[in-house]
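**Q** Need coordinates for the following:
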Amino acid sequence: MGFSNVTGARRPKRPGCETKSERAKRRKRDNEAQSVSELRVVKQRGGARSEREPEQLAKTRSRWEKKLVALLKANAAIKALRARRDGGEPLDAQQEAKIARGDGVLLEIDALVAENPRAAEAVMAAREARAAGDSARSARAARESAAATAAEVRGRR
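**A** Sure, this is the predicted structure:
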């Protein structure tokens, strides 16, 4: 630490304290050790290698699948716009143009499904399963929030 003003003797430090320069040196050592450990390539032993999980490859979709999914999404949006229009809500010109495109979207979907019916079934089944999972999750969340609200009301009485 520093020297005493009266005696000129060095004052003892409290244990566990470090000066600014010591702290800087420690941080530098830690950063160097960390960067070296990141660069070091460690060979795994045979047992560890067999336990390691294989890396999951990214699920890539073909252009055909991407096109089908995009068309199905557009069709769902068109159905929602039609429902809003039938409900009496005014739509702007862009939304009306999208609704007018609806028949063309359906024709494109039919053409793609006719081109590859098996893959189309797989895509549709995956979408339905995901939708069923989403609706089950949202139903569960609605029940939980209703139960919490009911508990709040009972607690206020």
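**Q** Buried residues, stretch 101-118. List them.
**A** Gly102, Val105, Glu108, Ile109, Leu112, Val113 (16 or more other Cβ atoms under 10 Å). Where you see a C-beta, it was placed from the backbone N, CA and C, and this is true even at glycine.
**Q** Helix or strand next in line after the helix or strand of the chain with the lowest mean pLDDT, which one?
**A** Least confident helix or strand, the chain: helix 46-51 with a mean of 55, by mean pLDDT, DSSP states H and E. Later in the chain than helix 46-51, the nearest helix or strand by DSSP states H and E is helix 63-86.
**Q** Buried residues in that following helix, which are they?
**A** Glu65, Leu68, Leu71, Leu72, Ala74, Asn75, Ile78, Leu81.
**Q** same thing with stretch 95-102?
**A** Gln95, Lys98, Ile99, Gly102.
**Q** okay, it in CSV with CA atoms only?
**A** Extracted in CSV, the C-alpha atoms of stretch 95-102 (Å, rounded to 0.1, in the frame of the first residue of the first chain):
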residue,chain,number,x,y,z
GLN,A,95,-55.7,-5.6,-48.6
GLU,A,96,-58.3,-5.7,-51.3
ALA,A,97,-55.6,-6.5,-53.9
LYS,A,98,-54.4,-9.3,-51.7
ILE,A,99,-57.9,-10.8,-51.5
ALA,A,100,-58.2,-10.5,-55.3
ARG,A,101,-55.0,-12.5,-55.6
GLY,A,102,-56.6,-15.4,-53.6
